[in-house]
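Student: what follows is a protein structure lacking sequence information:
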């Protein structure tokens, strides 16, 4: 079954893009999904972040500069 991304104005794609960018910062459980200016140029993404998303859990490798993976949950949908 195909997913219709236009049905909700690509909200899931926008949330995933923002989450990918946000993982370059330090994350903690409960942090709200929000755009991060990783460039230092004062430029944020050109679209609104869908509401309801927050960090459910964060997993990190112990090595310095290692991998960080965040699991997000949407309080509005429970997913």
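Tutor: Cool, got the structure. Given the structure is predicted, the values throughout are model-derived calculations rather than measurements.
Student: and residue 27, backbone torsions?
Tutor: Backbone torsions of residue 27, given as degrees, to the nearest 10, read phi -110, psi 150.
Student: quick one: mean pLDDT for stretch 72-79?
Tutor: Here stretch 72-79 scores 85 as its mean pLDDT.
Student: how close does the residue positioned nearest the centre of the chain sit to residue 70?
Tutor: Nearest to the geometric centre of the chain sits residue 19, at 1.7 Å (C-alpha atoms, centre = their mean). Per C-beta to C-beta, to the nearest Å, residue 19 is found 7 Å from residue 70. From N, CA and C alone the C-beta is placed, and that goes for glycine too.
Student: same question for residue 16.
Tutor: 11 Å.
Student: name the residues that touch the helix or strand harbouring residue 59?
Tutor: Taking DSSP states H and E as the definition, residue 59 sits inside strand 53-60. Here strand 53-60 makes contact (C-beta atoms under 8 Å, 6 or more residues apart in numbering) with 15, 19, 27-33, 66-75.
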